[in-house]
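> sequence and computational prediction follow.
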Amino acid sequence: MKSNRDWYLQGAHDGLPIAMGYLAVSFTLGIAARNVGLGAFPASLMSITNLTSAGQFAALGLITAGTSYVEMACTQLIINLRYFLMSCALSQKLDPNMHFFHRLLVAYGVTDEIFGISIGSGRMLNPFYAYGAISVAAPSWTLGTFLGVVSGNVLPARVLNALNVALYGMFIAVIVPPARKQKVLAGLVAVSMAASLLFTLLPVVSQISTGMRIIILTVLVAGAGAVLFPVEEAEEKEELHEA
């Protein structure tokens with residue numbers, strides 16, 4: 001039977017590839033944070049307290065647009081709503097008698113990648129496995145952000161412009177692989193792009209703030225996709241197993 005130390009080391013081992021990926025992506029985040037006027041400390045603080053790439057990139061865009069706190073909060077809630085579902089799934093793998101403090105710490109580190117390795121770690125999830133993964137992934141994410149901000153202050157403008165392209169590359173890398181496998185998802189992506197363009201060009205809706213536009217489009221497109229093309233339970237189990 002594995003000890004808590006063994007589980008921690010296993011989690012740290014499995015989390016190393018995640019940490020390496022986080023370092024690269026968060027470096028781009030740091031450059032983006034620097035471009036909107038955030039210093040190394042506030043940008044790093046945002047990363048260590050908010051482990052969500054999509055949420056943080058969206059937040060930087062909203063900061064640039066000068067949206068209200070309410071719009072910021074609503075956008076973050078919608079973008080990160082999937083973590084609520086992931087946490088519910090992980091709770092089924094936790095010991096019912098586990099202390100509430102352990103549950104809070106595990107919940108802090110629920111990201112797409114850590115969720116994936118945690119689900120596949122065994123029949124029951126030992127919290128120290130999650131701690132191991134978090135202990136290498138979260139500092140790496142924060143370090144990358146810090147380095148991105150600092151490098152953005154010393155690197156030439158041409159290099160920064162080239163690195164900014166990495167942000168779009170990251171989103172393409174996230175969207176294209178699943179879209180190639182699922183025609184419905186590809187269609188929803190196309191609809192989202194078209195709707196976003198219309199919201200930018202049409203006279204009335206173009207007056208809506210950027211943050212509120214994101215909220216409206218996310219709810220409408222995601223809601224329509226869920227109603228018109230629901231994922232069957234068997235498909236959900238298969239995707240969970242692959243994760």
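Alright, I've got the coordinates. Just so you know, these numbers come straight off a predicted model, no measurement behind them.
> residue ranges for the helices of this protein, please.
Secondary structure of the chain, counting by DSSP state H: helices at 4-35, 40-49, 53-65, 69-79, 81-91, 100-108, 112-119, 127-152, 157-181, 183-201, 210-228, 233-242.
> and among those, the most buried is which?
helix 127-152 (a mean of 23; mean count of other C-beta atoms under 10 Å). Where you see a C-beta, it was placed from the backbone N, CA and C, and this is true even at glycine.
> okay, angle between that helix and helix 112-119 too, please.
Interaxial angle of helix 127-152 relative to helix 112-119 (axes from the mean of the first three to the mean of the last three C-alpha atoms, to 10 degrees): 160 degrees.
> what helices or strands is helix 127-152 leaning on?
Identification of packing neighbours for helix 127-152 by 3 or more C-beta pairs under 8 Å, 6 or more residues apart in numbering; DSSP states H and E yields helix 4-35, helix 40-49, helix 100-108, helix 112-119.
> and it, average pLDDT?
Regarding helix 127-152, the rounded mean pLDDT is 93.
> so where is the protein shaky, pLDDT-wise?
Residue ranges of the chain with pLDDT under 70: 160-171, 173-174, 210-211, 231-243.
> in terms of residue numbering, what are the domains of it?
4-175, 182-243 (automatic domain parsing).
> pull the distance from the last one to the chain's centre.
Between the centre of domain 182-243 and the centre of its host chain there is 16 Å, according to C-alpha atoms, centre = their mean, to the nearest Å.
> please apply the same query to stretch 10-18.
How far stretch 10-18 lies from its chain's middle: 18 Å, per C-alpha atoms, centre = their mean.
> any residues touching that stretch, and which ones?
The contact list for stretch 10-18 (C-beta atoms under 8 Å, 6 or more residues apart in numbering) reads 2, 113-114, 117, 121, 128-137, 140.
> those: which two are farthest apart?
Spatial extent of these (C-beta to C-beta) is set by the pair Lys2 and Ser140 at 24.6 Å.
> out of the contacts of stretch 10-18, flag the one nearest to Pro203.
Glu113 (42.2 Å).
> ok, that closest one - contacts?
Residues near Glu113 by C-beta under 8 Å, 6+ apart: 18, 21-22, 137.
> state the pair within the residues you listed that is farthest apart.
The span of the contacts of Glu113, defined through C-beta to C-beta, is set by Gly21 and Ala137 at 9.0 Å.
> ok, which of the helices and strands packed on helix 127-152 comes nearest Ala58?
Nearest to Ala58, of the helices and strands packed on helix 127-152 and by C-beta to C-beta, is helix 4-35 at 10.9 Å.
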